[in-house]
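Asks: Have a look at this prediction, sequence included:
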Amino acid sequence: MSVFDRMLNTQALMFIYVVTGIIMAKTKILKHEGRSSFINLLLDITLPCMILNSFNVDINIEELIAAGEIMVISSVLTLIAWLLCKVFWRKEPPNRRAVLDFATLFSNAGNAGMPIVASVFGAQGVFYASFYLLPVRVLIWTLGLSLFVNEGNAKERMMILAKTPSLVVVFIGIALMFMPFKLPGVLSVAIKNMGDMTGPLSMMIIGAVLGESDIRSAFDIDAFRLTAVRLGVLPIIYMVLLRLAGVETILWQVAVVLTAMPAAANTEIIAEMYGKDYQFAARCVVVSTIVSLVSVPLLTLLF
């Protein structure tokens, strides 16, 4: 089965989960005030379990070198995006520019991208994706927050970073790789099964957000401009550069898929927290999420 076929099947599954989330929101099965509990379950339990499971394997020196390579790729691609932000959004008002810069730099690679990578590329893909997201998570809470907060809040940013379970578990997983043993059978199965919940849960949460949104208010030209850059311009530029650089196939494919995800789900949360245009941020997340259900499989036709 081709990458396109696997991606199409995966996105079809994700679409079903999104629709389920919309129905849950519309019927009040999942209310707004209860959604935070599901988000905490996703971020603090299921996603870390999926990441840890990807490290609970035997690896060789070539895979370790590839893991280091994809970390470099991740950092370079973020730098390219940061430079492009200065071109695309230089004339935007400050409140919107912070949102546009953040949403351009950081995709929903953790919540939406990791489950898709797991479905399309398997455990090896998740392993590489975990390393790809390592510098991204550091940059979100350093460079990303600097777009919204004053420089004096560096300590606050580092505390947030240190308490991020998905980041902490990467270091635990790295330590596990060098141990002379692996997790015992029952514990390993439990971690895998909880990690497998990440895909359906993350998409149902996104669906619930969409179910509570007024879709008519999402028609903001800047949100569509952001979506075009986030889902089209950046992935295509990255794919061309990485292929010209001779990067191993699975590495550039994982990198491109992760960068082709919609705007980071926490764009709206951080914007609201620090007094920026959070309603516009929500529109960017909603529009890019809807369009990504179609754009991601189409992008893989270029693989």
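Replies: Done, it's in. Numbering: from 1, shown residues only.
Asks: what's the closest non-adjacent residue to the residue nearest the centre of the chain?
Replies: What sits nearest the mean C-alpha location of the chain, by CA atoms, centre = their mean, is residue 109, with 1.4 Å. Excluding the flanking residues, the one nearest residue 109 by CB to CB, 6 or more residues apart in numbering is residue 258, at 4.1 Å. Just so you know, the C-beta spots here come from the backbone N, C-alpha and C atoms, and that holds for glycine as well.
Asks: which is the next helix or strand following the least confident helix or strand in the chain by mean pLDDT?
Replies: Counting by mean pLDDT, DSSP states H and E, the chain has its least confident helix or strand at helix 154-162, which shows a mean of 64. Of the helices and strands lying after helix 154-162 in sequence (DSSP states H and E), the nearest is helix 165-177.
Asks: Centre of the chain to that following helix, how far?
Replies: The chain centre lies 18 Å from the centre of helix 165-177; the measure is CA atoms, centre = their mean, to the nearest Å.
Asks: Output the contacting helices and strands for that helix.
Replies: helix 47-55, helix 114-139 (3 or more CB pairs under 8 Å, 6 or more residues apart in numbering; DSSP states H and E).
Asks: Go through that helix and flag the buried ones.
Replies: 165, 166, 167, 169, 170, 173, 176, 177 (16 or more other CB atoms under 10 Å).
Asks: C-terminal to that helix, which secondary structure element comes first?
Replies: Going down the chain from helix 165-177, the next helix or strand is helix 185-195, by DSSP H and E.
Asks: coming back round to it: so which of the buried residues of helix 165-177 is the closest to residue 34?
Replies: Closest approach between the buried residues of helix 165-177 and residue 34, by CB to CB: residue 165, at 20.6 Å.
Asks: ok, that closest one touching residue 43?
Replies: Yes: using CB atoms under 8 Å, residue 165 is in contact with residue 43, at 6.6 Å.
Asks: that older thread, make JSON lines out of the buried residues of helix 165-177 and add distance to residue 279 and pLDDT.
Replies: Compiled in JSON lines, these are given as follows (distance: CB to CB, whole Å; pLDDT from 0 to 100):
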{"residue": "165", "distance to residue 279": "29", "pLDDT": "82"}
{"residue": "166", "distance to residue 279": "27", "pLDDT": "74"}
{"residue": "167", "distance to residue 279": "29", "pLDDT": "75"}
{"residue": "169", "distance to residue 279": "33", "pLDDT": "86"}
{"residue": "170", "distance to residue 279": "33", "pLDDT": "79"}
{"residue": "173", "distance to residue 279": "38", "pLDDT": "84"}
{"residue": "176", "distance to residue 279": "42", "pLDDT": "84"}
{"residue": "177", "distance to residue 279": "44", "pLDDT": "77"}
